[in-house]
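Below: sequence and its predicted model.
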Amino acid sequence: MLNHITNVLSAVGDIFRTPDMPTSLQGVAAQMLATFANAYGNRPNALELQAQQLHEPEGPQRQYHTNQSLLHKSGVVADVVTALAGSLLADRVPPITPSAGKVDPLAATRALAGPLTGTLLAMSYQADNADGMVRAGVLQCVAALLQRGPHADTTPAAVELLWNVVENAPHVRDLLSRPLPSLDALSKGAARTALLGAAAAANGGGSEAGPGPGSEAGAAGRELGAQASFSQLVDAEGRIIHGNGDGASPGVSRGSVGTSGLGDGVVISSAPSNGHALAAAQVASITHSSASQEEDADWQQLPEGAASAPSTYERAVDMRSSASGFEEFEEFADDPDLRSREVSISSNRRAPPAKQPSFSLGPGGGPAPLRVEPSEPEDDVIPDSPVVQVLADALTGLLRTLLLNGFSKADKELRNDVMVAMNLLLEAPDFRAAAAYAGAFEPLLAAATSPELGAPASTTGRGGNATTSLSSDLVAGYALTTDALDQELRLLVWGAMVHGCLLPEVLELANQGGLVRVLLLYVSPGEAASHPAVRRWNPDQLSTLRSAALSRLHSLAPLCPDEYERAGGPTTLLTFVGSNPIPMHMEGALRHLHRLFTLVPESRDAFGAAGLIPVLLGVVMDSVGSGGGGGALGNHVGTLGATTSLGSLSTFGADRLMAQGNGSQPEPVRHFALLCLTALCTVHAENQRRLRKAGGVSVLAGCVAKLKGLDPLLPAPYAVAVLDCVWAAVVPDRKSAARFLVEQGMDLLLNHLESGNKGHRPIVLRVISDLLENPRSHAFFHDWQSDLNKQSAAHLLLSIWMEEDSLRGMTGHDGLLANPGRPLAGLNKRTKWLPPENVAYGNMSPAKKETLSTLFDNMHSEIVLAKIYGVFKLLGFDACPYLDPKDHAILAFVEKYAKFRQGEVWRAITEEFAATGMKPTAPDRARLESGIDLSEALAAAVREAQSRLLGRAQEGSRAAEAKLFEGMRQQARLEAEYRTIQMQEKTPLTLAEMRRAKEQKAAMLKNSLQSFQFQHGEEDE
């Protein structure tokens, strides 16, 4: 079924290619295609189209995507573009006013451009169709449509078509400056034939599977069949033969018209191949008859041989930009300028007298002869030319007209659509240069800075001419209201100016026009309340404009740091950050500052001296507030007023910030505050001192302590920012490092190393190793004990080492090196399964997955091993007597890590030589062999040392075991004696034993009593 629909659509395309087809039928066919492309009114909006790229659409919207795909496979897109090019040829002849006996013969052809443009617009929302339009020549057609002016019925659709094409086919920016076929060549099917030839070549190129009904090659086959039905055949040499019904078939030669960027060049003969070619002939005849009536003052004579002279777009722009008026071609002997200095999109172009050769602007800005004489086909060939300048001129003309005369809602919507298309095109360097030459940035600057700066004078004109026109001559007052469309215009022109400021001349124009000052007006808290041009916006509009201003400053300030400082940027940003803004604005301001510090390191001095560090510390420790009021720094700035000097802000220390306020900033805001502190203090001793004076060491130590509340299974960019800030701002300064150690910083770092995420290990070990550069910090390292199992810091590092050892198999089951030849490679296989970090978060969001991937891509195991080696090297490999012999055996391996790593490097060089077939010289070979032999010898020595240490450990274990067994035997003897005594006490006596015991007891008592009585008698005597 779908194949039949594709064939029907291809048949509809034949209507646009068939000679002498009525324009009314072509219009109906175009409307039918538009209805089919819109899925009979079920076309989703732009947001729904973006969402459907990730998920399979259902229901009516699925029908829309199916229809778009069928249109792409049928090849009808190129047919519509060809028909549109033929229709636009009629614009070269001024329309004839209807009167008695006079009828405009090209009126129907001109009117056909409307439905054709609407059809292309309906098909341009799909990326494949947009790409097909570009290859078929839609850029040239859009440029011609835009030249009709803002009030033409086709202009809104043409602007939106350009928007869709640039957005859905981004490679179109690369084609702007390439030579493209003219409208004459497109109307004769140049691009269509080139596309068919490429498809046919691909079909015959040895593909194993035949072309399907919906494939490009299949479409090409159907096209050739359709052409055969209309007496259009392709001969053996690849030339297209056009039949005219009576057997005449003028030949077509290949290669006369280049189609760079669109396929092989193809030349179509002067004989008309369809109705639009016939219209082209009518255009030529009417032009010839009206040429003697009037001569346009702007026409320029083309000297003999100038058409064949080489020229480049960039050099021509440079020459024209320095010219003050019309110049003779003798001044451009090497690179003649084939274009007029001014292009008016509303002027009616007329040819000069027929006796002198004259040229008008073609689609690409090059010479385009208006005559089409079938008797001289060689003169009919219009050379390919870039479309970039014509497109820039047309958009600039539309923009200027709409800024001055566009007061209705429709005009403003069209104006904003033009700005959207220009913003997309300005990403291309060639279009930026063309727009600058066309004078597009003058009205943009006027719209961007009015009425905030009054009516600034324009400093440069088109081609570099000085002008004195005011902004009122470029932008009307009704374009600067607080209407939603005018607010949207303000956002769009700011973005366009930032794109243009990548050009030095536009950047100078923007600086002189005060663009930076205007952006800072919307950032400054005081100006937002006092300046009438800023105060006129409602709170929601002002919030949007402030976010946009911060975003534009993010890109613009690094391009002009001097102008940014002269405009009061540091003061404004510092006051704004301390004015208790909402989190969205705070994050935007901090992003801007971080980019400025990164790209312009010199700006750190001014901001550090201005007192930004205490402000950032207040953000980091959650004391600024989240926009609802009450933050400590916000209250402070409010009491000082909007005109507070930077020096007074710098005296507001972090200790006062910690004592006030209970606000809370979201984590992204605190994250960027930490990044700003890192950028400020990296290799900047003075800012490191300022951070210490402001109490930053205590603040950062508190941030490290709070890291224990993070999920240990998920890496956190915020934790990385905290640790990086400690490493850049605290560790390099000896006093700050000492204060950090006193604040239990070493314990906090080791606690996070033990229980934090594994992705944070490299940076934690980096901070610890740099702290241990100071010998006084060693005691803090040795005194640490784990809260989990009371292990020491040395045991912790060795356990991390053994985790990697288990993954590589570096140590065997006997505790010795498993691979003495390559100790660090181990057994090259997993000997113990350790689950990856993403196992616990299998359903993570794309953003979290990207963060996880980024962190673990930078967490190489070699970094962890190297940092552990560095820590023990600073401590001393014999400075841990509390380790047992097994740990010392591991430490013996760690001690030789650097040498083993060197051996791996020598082996890698040797393997690279062997893989590439290079033979090192004898000295180099000897050096490689000696390095490898040294690594192997050290591995044998380490293995022997490990054996000795493990043997000593085994002897100690045996002695301890013997002692244990002896103690167990002694304990058994004692227990046996005790049991004997207990049994004796419990056993009864015999009668004889009882009698003897009784007699012994009586004798004892008798003797005792006599002795007592005897003594008593002696005392009585």
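Okay, I see it.

And the residue nearest to residue 743 when sequence neighbours are not counted, how far from residue 902?
Excluding the flanking residues, the one nearest residue 743 by Cβ to Cβ, 6 or more residues apart in numbering is residue 701, at 4.2 Å. Just so you know, the C-beta spots here come from the backbone N, C-alpha and C atoms, and that holds for glycine as well. Computed as Cβ to Cβ, to the nearest Å, the residue 701 to residue 902 distance reads 38 Å.

more crowded one of the two?
residue 701 (21 against 15; other Cβ atoms under 10 Å).

returning to that earlier point: residues contacting the residue nearest to residue 743?
740, 743, 744, 745, 748 (Cβ atoms under 8 Å, 6 or more residues apart in numbering).

and those, which of them are in helices?
Counted as lying in helices by DSSP state H, out of the contacts of residue 701, are 740, 745, 748.

hang on, the earlier thing: which stretch of helix or strand covers the residue nearest to residue 743?
helix 696-706 (DSSP states H and E).

can you pull the buried residues of that helix?
696, 697, 698, 699, 700, 701, 703, 704, 705 (16 or more other Cβ atoms under 10 Å).

Please apply the same query to stretch 152-168.
In stretch 152-168, counting by 16+ other Cβ under 10 Å, buried: 152, 154-168.

still on that earlier bit, from the contacts of residue 701, which single one is nearest residue 710?
The closest of these to residue 710 turns out to be residue 748 (Cβ to Cβ; 13.3 Å).

okay but the closest one is in contact with residue 702, surely?
No - assessed by Cβ atoms under 8 Å, residue 748 is found out of contact with residue 702, at 9.3 Å.

what would the ones in helices among the contacts of residue 701 look like in CSV with distance to residue 442, neighbour count and pLDDT?
Shown next, in CSV, are these (distance: Cβ to Cβ, whole Å; neighbours: other Cβ atoms under 10 Å; pLDDT from 0 to 100):
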residue, distance to residue 442, neighbour count, pLDDT
740, 55, 27, 95
745, 57, 27, 93
748, 58, 21, 94
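
related to what we said a few turns ago, can you put the buried residues of helix 696-706 in JSON lines and add pLDDT and distance to residue 533?
As requested, the buried residues of helix 696-706 are exported to JSON lines (pLDDT from 0 to 100; distance: Cβ to Cβ, whole Å):
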{"residue": "696", "pLDDT": "93", "distance to residue 533": "39"}
{"residue": "697", "pLDDT": "94", "distance to residue 533": "44"}
{"residue": "698", "pLDDT": "93", "distance to residue 533": "44"}
{"residue": "699", "pLDDT": "94", "distance to residue 533": "39"}
{"residue": "700", "pLDDT": "94", "distance to residue 533": "42"}
{"residue": "701", "pLDDT": "94", "distance to residue 533": "46"}
{"residue": "703", "pLDDT": "93", "distance to residue 533": "41"}
{"residue": "704", "pLDDT": "93", "distance to residue 533": "46"}
{"residue": "705", "pLDDT": "92", "distance to residue 533": "48"}
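
For the stretch 351-500 of the chain, just list every one of the helices.
388-405, 409-425, 429-438, 441-449, 484-500 (DSSP state H, counting those that start in this stretch).

nope, the stretch 901-1021 of the chain is what I was after
922-986, 991-1020.

Could you identify which of these is most buried?
Looking across the helices of the stretch 901-1021 of the chain with neighbours counted as mean count of other Cβ atoms under 10 Å, the highest average goes to helix 922-986: a mean of 12.

Could you give the average pLDDT over that one?
Averaging pLDDT along helix 922-986 gives 85.

what's the answer for stretch 159-166, then?
Here the average pLDDT along stretch 159-166 is 94.

what does it rub up against?
In contact with stretch 159-166 (Cβ under 8 Å, 6+ apart) are residues 117, 120-121, 124-125, 130, 133-134, 138-139, 142, 146, 172-173, 398, 414, 417-418, 420-421, 424-425.

Show me which of those residues are buried.
117, 120-121, 124-125, 130, 133-134, 138-139, 142, 146, 172-173, 398, 414, 417-418, 420-421, 424-425.

residue ranges with poor pLDDT in the stretch 801-950 of the chain?
829-845, 855-859 (pLDDT under 70).

Go again with 90.
803-863, 878-889, 904, 914, 916-920, 925, 931, 935-936, 939-940, 942-950 (pLDDT under 90).

Need the contact partners of stretch 500-519.
Under Cβ under 8 Å, 6+ apart, the answer for stretch 500-519 is 321, 426, 429, 432-433, 435-436, 440-442, 444-446, 448-449, 452-453, 456, 458-460, 494, 497, 549, 552-553, 556-557, 559-560, 563-564, 567, 569.

actually stretch 797-811, not the one I typed
In contact with stretch 797-811 (Cβ under 8 Å, 6+ apart) are residues 753, 761, 791, 817-819, 823-832, 834, 861, 864-865, 868, 871-872, 883, 887, 890-891, 893-894.

Buried ones among those?
Looks like those have 753, 761, 817-819, 823-824, 826, 831, 864-865, 868, 871-872, 883, 887, 890-891, 893-894 buried, using 16+ other Cβ under 10 Å.

Narrow the residues you listed to those in helices?
753, 761, 864, 865, 868, 871, 872, 887, 890, 891, 893, 894.

can I assume the third one is in contact with residue 759?
In this case it means residue 864. No - counting by Cβ under 8 Å, residue 864 stays clear of residue 759, with 10.8 Å between them.

rewinding a little: so which of the helices of the stretch 901-1021 of the chain is nearest residue 614?
Between these, helix 922-986 lies closest to residue 614; by Cβ to Cβ that is 52.2 Å.

The closest one packs against which elements?
helix 885-895, helix 897-916 (3 or more Cβ pairs under 8 Å, 6 or more residues apart in numbering; DSSP states H and E).

what angle sits between it and helix 897-916?
130 degrees (axes from the mean of the first three to the mean of the last three Cα atoms, to 10 degrees).

Please name whichever of the helices of the stretch 351-500 of the chain is nearest to residue 73.
It's helix 409-425; of the helices of the stretch 351-500 of the chain, that one is closest to residue 73 (Cβ to Cβ) at 27.3 Å.

picking up where we left off before, same list, the helices of the stretch 901-1021 of the chain, but as CSV with distance to residue 786 please.
Supplementary listing: the helices of the stretch 901-1021 of the chain in CSV, determined by distance: least, Cβ to Cβ, whole Å:
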stretch, distance to residue 786
helix 922-986, 23
helix 991-1020, 65
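
Which among these is found nearest to residue 681?
helix 922-986 (40.2 Å).

the bottom helix or strand of this structure by mean pLDDT?
strand 232-234 (a mean of 34; mean pLDDT, DSSP states H and E).

Could you list the domains of the protein?
1-94+106-196, 805-827+868-970 (the TED database).

and residue 876, backbone torsions?
phi 100, psi 130 (degrees, to the nearest 10).

likewise the one 4 residues further on?
The main-chain torsion angles of residue 880 are listed as degrees, to the nearest 10 and equal phi -130, psi 70.

Wait, it touches residue 794, no?
Yes - if you go by Cβ under 8 Å, residue 880 and residue 794 touch, sitting 4.5 Å apart.

who touches both of these two?
Shared contacts of residue 880 and residue 794, counting by Cβ under 8 Å, 6+ apart, come down to 782, 887.

what number of residues lie near residue 899?
Counted with other Cβ under 10 Å, residue 899 comes out at 16.

OK, contacts around it?
Neighbours of residue 899 in contact, by Cβ under 8 Å, 6+ apart: 934, 935, 938.

Name the nearest residue to the second one, ignoring sequence neighbours.
When the adjacent residues along the chain are set aside, residue 935 lies closest to residue 903, with 2.5 Å between them (Cβ to Cβ, 6+ apart).
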